[in-house]
Structures are given as structure tokens and as C-alpha cells.
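Trainee: A structural model of the following input is requested.
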Amino acid sequence: MNDDPIKRFTLLLLLQAHQDHATELTIAPATSGEPLIRYKVAGTWHDMSPTPTHILPGVIAELGRLAAFAKRPFPKEGLIDVPFGGVRLRWVIRMMSADADCILTPIEQ
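Mentor: Below you'll find the model as predicted:
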């Protein structure tokens, strides 16, 4: 099991959305200044529990690492394909900016 809390949180975030059969996962800065992580299940948006603002840059960086993003201008697109929690997490990611504006969609297995 990975001991890095940011890496673990990121994988748990993807796993939870996968287990809930999410059709989309978004991460964006909220107008209140706190990050907003939401996922859509059966056409209904659900908010993830509050995410500490200080970890969001690490989560975004970890998503970029998992997608093997190159150092190039935004927007960036990639594929996340990693085993975790007994399942294979496969997501397409489109990141619009470095400040947590990204959309992930699952790849059916």
C-alpha cells in the first residue's frame, strides 16, 4: 500500500468514483475558495467530502503524473490506467489549467 497521503488520497478518490459507477469526475476551484470535487452518477452530481485546500495542488500533480502529462501548455489530455483496491482504474483526463480545473471520464472495462 502506498504511504504517501497525497497519492493514496488521489487513488481513493478515483476508486470511490469507480465504485459508485460515476460517469464523470470534476475537480475545480470553488467560488468559496475551497476546492470542489464532484462526481456524476445516473445524471445526478454528488459532492465529495470537503477536501483540504492545501492538498489539492498535490492531487492535481498526482493526476498529471498518473496520466504521464508532458510539460507543455494547457489543455492537456491523457489516460490514467492503474490497479488499486483490487480493480483497474481507467480514466480519461482533460486538465484545462494547473489550478485544479479538470474533468475525468471512466473507460468501460
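Trainee: and the pLDDT for I27?
Mentor: If you check I27, the pLDDT there is 88.
Trainee: partners of the helix or strand encompassing it in the sheet?
Mentor: In the assignment (DSSP states H and E), I27 maps to strand 24-29. Next to strand 24-29 in the sheet, as set by DSSP bridges, lie strand 35-41 (antiparallel), strand 101-106 (antiparallel).
Trainee: average pLDDT across the longest one?
Mentor: Think strand 35-41. So the average pLDDT for strand 35-41 ends up being 84.
Trainee: and if you look at the last one?
Mentor: Confidence over strand 101-106, taken as the mean pLDDT, stands at 90.
Trainee: how about that strand, which residues are buried there?
Mentor: 101-104, 106 (16 or more other CB atoms under 10 Å). C-beta here means a position set from N, CA and C on the backbone, and glycine is covered the same way.
Trainee: ok, so of the residues you listed, who is nearest L89?
Mentor: Nearest to L89, judged by CB to CB, of the buried residues of strand 101-106 is P106 at 8.3 Å.
Trainee: how about the contacts made by the closest one?
Mentor: Taking CB atoms under 8 Å, 6 or more residues apart in numbering, we find P106 in contact with 17-18, 22-23, 90-92.
Trainee: quick check on L79: phi, psi?
Mentor: phi -130, psi 130 (degrees, to the nearest 10).
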